[in-house]
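Undergrad: Structure for this input, please:
(one chain, ligands or ions: 2)
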Amino acid sequence: MLDFITQKKHDENRQGEAFAPEQAGAQQFSKRFYIESYGCQMNFADSEVVASILQEGGFGATRNYEEADLIFINTCSIREKAEQTVRKRLHDLRKVKVNKPGALIGVLGCMAERLKAKFLEEEKLVDLVVGPDAYRTLPSLITEAEGGQKAVNVLLSREETYADIAPVRLNSDGVSAFVSIMRGCNNMCSFCVVPFTRGRERSRDARSIIQECEALFNEGYKEVTLLGQNVDSYYWVDEKNDTTVNFANLLEQVALIDPLLRVRFSTSHPKDITDEVLYTMAKYENICRYIHLPVQSGSTRVLQLMNRTYTREWYMATVDRIMAIMPDCGISSDIIAGFCSETEEEHQETLSLMEYSKYDLSYMFFYSERPGTLAARRYKDDIPEEVKKRRLDEIVKLQNRLSHESNLRDLGKTFKVLIEGDSKKSENDWKGRTSQNKMMVFPKADHKVNKGDYVMVKVTGCTKATLLGEIV
Ligand code: 5AD
Ligand code: SF4
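TA: Ligands and ions are numbered 1, 2, ... in the order given. Take a look at the predicted model:
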């Protein structure tokens, strides 16, 4: 489950981005929708499916919620704070009803199921509540809501993958796109709400994934990120051709579309990543040398309570395996500080595992109990908040050092960089990423290159978060 912003992958910390595609001929739509997304990349990808369904239903996108007839928030419930943010935002958005009483406000995504009664009936904050597997019913729900009814569909599905829906690319840079390859999760990590909010795991038809990636490449995109809560358990049975496609097969098929199309993926569960995947990565230069491999904790006892089904030693062996097969591979992680009953020694084990893994980047959280999860039912959330925060602070400080050290190791090396656009600070500089997913900033100088081109860049300096270089 994905997270966090210069890093576009896996972006849990991205909050409330308003999206609207540039629409030629948008005037053909008499009504407008506005959508704001919170949480992980899966949610952002879902908003693109929603946009496609709404466009089919006759709505055009707008970036300005004040002129919208339909206002949606695509929500995340991974941590408690996300819920508070959404509630506050809904109160702000409701103010548009003063000038536009007919405007409808809807909640989409992971919070839908849990908060439908509260948002719809008790607090009367919204007109529609639609869960992540019910987006196809949006047009009829909108009609219901327009007729003054409370429109709700939060049913989860065992089959829905939206395979046939071509997402409308929202806020895209035209270079890099996200492609959802599966939905839901069967893992039941004890701290996690995802299996409850997004339902059972199901894989999307491999042919539709390949077609979507091919179409993106033909439109000029140079990078696709294959998204799923647990991509390594991707498995598609092609009954027509009597074949099966696992994640390694899928990666290979996407890599073969064109050597100029970069392939990334997220997220990998340490228990499921196979040698076959690692060898497939090593075989194709256009499959990026980067694995997001969340560890969550460095203590075997805590991992067991978390139901992660691997030990500290297993995780370390997986890191060794990755480095043996691809010595230049970047690795990042998710880490939770202060899970139920975590001792000071166990926290130290997390720190030492981070040192061992030499993470380039981590997404770090303190534990927040989520209603309905295994941990909420079985274990006491007994680590005082100040202890959680102090432990998290130590984890963050260590990660800052590790990220900086990782960048220092790159000084003097040359990397192939895909140009994503102007750097944030100056239009005289380009920004782009290395195969290892590190952001690189470098002067445009007199080189005749453009957004979407690959260039070789030598690292001449760095900050904690960014490599600085020159085109060679
Ligand atoms: N508390 C804190 N962090 C959590 N995550 C998931 N659930 C929780 C929770 N209840 C983190 C995990 C996961 C990431 C996306 O969010 O680290 O990998
Ligand atoms: Fe949640 Fe674990 Fe599934 Fe990730 S693998 S979505 S942490 S249950």
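
Undergrad: Of all the residues in the stretch 201-350 of the chain, which one is nearest ligand 1?
TA: Here the stretch 201-350 of the chain gets closest to ligand 1 at one residue, residue 334, 3.3 Å apart by C-beta to the nearest ligand atom. Quick note: C-beta positions are derived from backbone N, CA and C, even for glycine.

Undergrad: Count the residues that sit near that residue.
TA: Using other C-beta atoms under 10 Å as the criterion, residue 334 is surrounded by 20 other residues.

Undergrad: Equivalent analysis for residue 286, please.
TA: Burial of residue 286 is recorded as 18 neighbouring residues (other C-beta under 10 Å).

Undergrad: Also residue 398?
TA: The burial count assigned to residue 398 is 19, neighbours taken as other C-beta under 10 Å.

Undergrad: The host helix or strand of it and ligand 1 in contact?
TA: Element membership of residue 398 [criterion: DSSP states H and E] is helix 385-409. No - for a cut-off given as C-beta under 6 Å from any ligand atom, helix 385-409 has no contacts with ligand 1; the smallest distance is 9.6 Å.

Undergrad: can you list the residues of the stretch 51-200 of the chain near ligand 1?
TA: Within the stretch 51-200 of the chain, the residues that sit near ligand 1 (C-beta under 6 Å from any ligand atom) are 78, 79, 191, 192.

Undergrad: Can you name the residues that contact the closest residue to ligand 2 within the stretch 351-472 of the chain?
TA: Residue of the stretch 351-472 of the chain nearest ligand 2, by C-beta to the nearest ligand atom: residue 373 (8.9 Å). For residue 373, the contacting residues are 190, 191, 192, 193, 196, taking C-beta atoms under 8 Å, 6 or more residues apart in numbering as the criterion.

Undergrad: what does the model give it for pLDDT?
TA: pLDDT, residue 373: 96.

Undergrad: now do the one 10 residues further on
TA: Residue 383 carries a pLDDT value of 98.

Undergrad: Could you count how many residues lie near it?
TA: Residue 383 is flanked by 20 other residues according to other C-beta under 10 Å.

Undergrad: so it sits right up against residue 346, yeah?
TA: No - shown here, residue 383 and residue 346 do not form a contact pair, counting by C-beta atoms under 8 Å, at 10.6 Å.

Undergrad: so who does the residue nearest to residue 347 when sequence neighbours are not counted touch?
TA: Closest residue in space to residue 347, ignoring its immediate chain neighbours: residue 391 at 4.9 Å, by C-beta to C-beta, 6 or more residues apart in numbering. For residue 391, the contacting residues are 337, 338, 342, 347, 366, 383, by C-beta under 8 Å, 6+ apart.

Undergrad: 7 Å instead?
TA: Residues in contact with residue 391 (C-beta atoms under 7 Å, 6 or more residues apart in numbering) are 337, 338, 347.

Undergrad: Residue 106 too?
TA: Residues near residue 106 by C-beta under 7 Å, 6+ apart: 70, 72, 126, 127, 128, 129, 130.

Undergrad: neighbours around the nearest residue to residue 131 once chain neighbours are set aside, how many?
TA: Nearest residue to residue 131 in three dimensions, chain neighbours excluded: residue 154, at 3.6 Å (C-beta to C-beta, 6+ apart). Burial of residue 154 is recorded as 18 neighbouring residues (other C-beta under 10 Å).
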